[in-house]
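1. I'll drop the sequence and a predicted model, then ask my questions.
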Amino acid sequence: MVAPAAAAPQAQYGPEWTAPRRAARGRPARRSFGERLVRTARVVIGVVLIALGTLYAAHAPFKAWVDGQATGVRTWATGLVVQDYAPVNPSSAAPGPGTPAIPANLAGAAIDGFTNTYWSTPVTEKRAPILLVTFSEPVRIDRALVRNGAADEFRTYHRAKDVHLVYSDGQTFDLVLKDTPDPQEVTIEHAVAVTTVEIHILSVYQSVEGDQLALSEIEFFAEQ
């Protein structure tokens, strides 16, 4: 005797399930007004982004403005520098007198806006590392946002502790940094109409190995 065929399994649908609508046979499905609007917006946004990217690459003043705005956004995200301060962007950074350059971690990494890069240099008893920061025009500096050490290898490198600032006009200012990878806001004094700042690292928080100092990022701000 042949056993009766098993009943075909029935689809199980939850209480909120609704069968999808299908367009009538032979007729293309019409997009809703919302779908057409989103599609158009995507095309327009794509064209605008391409145009802005081209302008950013080809027009130096626009690139400088965008970089300045990006610095402000990064700082706003940290919540450390209040809105009464505007970013002051350096034009370059280089090892100071007697400070060797490490090709893999050049001085420019300390002002490039990226927290996953860093400037590093050897530390010896005879020489204090110096970072020379240059501005394209005289600037005022009232605050700085510092990320000490190397973010991904914080304990592997020395971190700056006692810092001595020397400005282009001969004025100086001293500050003490904390031993933390978190961004720290510090007050800067006596920096009025300066074109360069020498950052002398007078003492460090010791690393667990090696003789290299690391500084991830330093950003400057002026009161508006």
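-> Nice, I can see it. Here the structure is a predicted model, which is why all the values come from computation and not from measurement.
2. mind listing the strands in the protein by residue range?
-> 85-88, 92-95, 119-122, 130-148, 159-160, 162-167, 172-176, 184-201, 204-205, 212-223 (DSSP state E).
3. List the strands paired with the fifth one, with their directions.
-> This points to strand 159-160. Strand 159-160 pairs in its sheet with strand 204-205 (antiparallel), by DSSP bridges.
4. just to revisit the earlier point, mind putting the strands of the chain in CSV, mean pLDDT and mean neighbour count included?
-> Every residue, glycine included, has its C-beta placed from N, CA and C. Compiled in CSV, the strands of the chain are given as follows (pLDDT from 0 to 100; neighbours: other C-beta atoms under 10 Å):
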stretch, mean pLDDT, mean neighbour count
strand 85-88, 94, 19
strand 92-95, 96, 17
strand 119-122, 94, 23
strand 130-148, 97, 19
strand 159-160, 98, 25
strand 162-167, 98, 18
strand 172-176, 98, 14
strand 184-201, 97, 17
strand 204-205, 97, 20
strand 212-223, 96, 23
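5. Domains in the chain, by residue range?
-> 31-78, 81-223 (automatic domain parsing).
6. In contact with the closest residue to residue 86 other than its chain neighbours, which residues?
-> Nearest residue to residue 86, sequence neighbours excluded (C-beta to C-beta, 6 or more residues apart in numbering): residue 224, at 5.1 Å. Neighbouring residues of residue 224 by C-beta atoms under 8 Å, 6 or more residues apart in numbering: 84, 85, 86.
7. okay, the strands of the chain in a markdown table with distance to residue 54 next?
-> Converted to a markdown table, the strands of the chain look like this (distance: least, C-beta to C-beta, whole Å):
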| stretch | distance to residue 54 |
| --- | --- |
| strand 85-88 | 25 |
| strand 92-95 | 26 |
| strand 119-122 | 32 |
| strand 130-148 | 24 |
| strand 159-160 | 40 |
| strand 162-167 | 39 |
| strand 172-176 | 42 |
| strand 184-201 | 32 |
| strand 204-205 | 45 |
| strand 212-223 | 28 |
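8. and of those, who's closest to residue 103?
-> Residue 103 lies closest, by C-beta to C-beta, to one member of these: strand 119-122, at 10.6 Å.
9. by contact count, what packs against that closest one?
-> Other elements packing on strand 119-122 under the criterion 3 or more C-beta pairs under 8 Å, 6 or more residues apart in numbering; DSSP states H and E are strand 212-223.
10. by how many degrees do the strand it packs on and strand 130-148 diverge?
-> For strand 212-223 against strand 130-148, the angle by axes from the mean of the first three to the mean of the last three C-alpha atoms, to 10 degrees is 80 degrees.
11. List the residues that contact the nearest residue to residue 102 once chain neighbours are set aside.
-> Spatial nearest neighbour of residue 102, chain neighbours left out: residue 120 (5.3 Å); criterion: C-beta to C-beta, 6+ apart. Taking C-beta under 8 Å, 6+ apart, we find residue 120 in contact with 102, 104, 105, 150, 157, 212, 213, 214, 215.
12. Can you tell me which of the residues you listed comes closest to residue 165?
-> residue 215 (13.6 Å).
13. in the sheet, who's paired with that closest one?
-> Residues in beta-bridge contact with residue 215 (DSSP bridges): residue 119, residue 149.
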